[in-house]
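>>> kindly generate the corresponding structure for this input.
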Amino acid sequence: MRGETMVAEITRINAEGQLPIPADIRRELGLEEGDLMVVEERDGVMIVRRATLVEQTAGAGAAWRADPPLTREEEEDALAWAIGQAAARHE
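Numbers count the residues shown, from 1 in each chain. This is a model prediction of the structure:
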């Protein structure tokens with residue numbers, strides 16, 4: 001947790017079902033356009049957090065699943081590509 005200060009603001013779900021995150025909170029958390037987020041529900045509370053690297057790359061090779069299956073080298077290349085994409089979003 002960052003410090004003891006809690007920032008709370010009211011925001012409204014729009015017609016597309018999107019929930020804007022107030023600018024002050026985005027700045028405080030260092031959130032930028034394109035960041036991948038996870039939305040969870042726990043005991044009636046919505047929790048929004050950054051996606052972990054594992055979550056960002058889950059299924060990275062799925063689009064390339066083919067018959068015959070990928071070689072180990074091809075799977076490693078696909079994973080390296082996905083990790084590179086995730087890292088580029090956080091530079």
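>>> just checking, which helix or strand of this protein averages the lowest pLDDT?
helix 53-57 (a mean of 76; mean pLDDT, DSSP states H and E).
>>> give the other helices and strands that it contacts.
helix 72-89 (3 or more C-beta pairs under 8 Å, 6 or more residues apart in numbering; DSSP states H and E). Any C-beta I mention is one placed from the backbone N, CA and C, and that applies to glycine too.
>>> okay, buried residues for the helix it packs on please.
Residues of helix 72-89 classed as buried: 78, 82, 86 (neighbour count, 16 or more other C-beta atoms under 10 Å).
>>> can you check stretch 20-30 too?
For stretch 20-30, it's none, nothing buried (16+ other C-beta under 10 Å).
>>> not counting sequence-adjacent ones, nearest residue to the most centrally placed residue in the chain?
The centroid of the chain falls nearest to residue 36 when counting by C-alpha atoms, centre = their mean (2.2 Å). Spatially, and ignoring its direct neighbours in sequence, residue 36 is nearest to residue 51 (4.0 Å; C-beta to C-beta, 6 or more residues apart in numbering).
>>> residue 31 reaches residue 22, doesn't it?
No: at 10.6 Å, residue 31 does not count as touching residue 22 under the criterion of C-beta atoms under 8 Å.
>>> element containing the residue located most distally from the centre of the chain?
Most distant from the centre of the chain: residue 68, at 31.0 Å, with distances by C-alpha atoms, centre = their mean. Of the helices and strands defined by DSSP states H and E, none includes residue 68.
>>> gap between it and residue 75?
In this view, residue 68 and residue 75 are 13 Å apart by C-beta to C-beta, to the nearest Å.
>>> how about residue 7?
Taking C-beta to C-beta, one finds residue 7 at 42 Å from residue 75.
>>> what's the answer for residue 47, then?
For residue 47, the distance to residue 75 equals 32 Å [C-beta to C-beta].
>>> cool, and residue 42?
Going from residue 42 to residue 75 by C-beta to C-beta gives 34 Å.
>>> also residue 49?
28 Å.
>>> pLDDT weak spots in the protein?
Under the criterion pLDDT under 70, the flagged ranges of the chain are 1-4, 59-67, 89-91.
>>> quick check, residue 40 in a helix?
No: Residue 40 is assigned strand when assessed by DSSP: H, G, I helix; E, B strand; the rest coil, not a helix.
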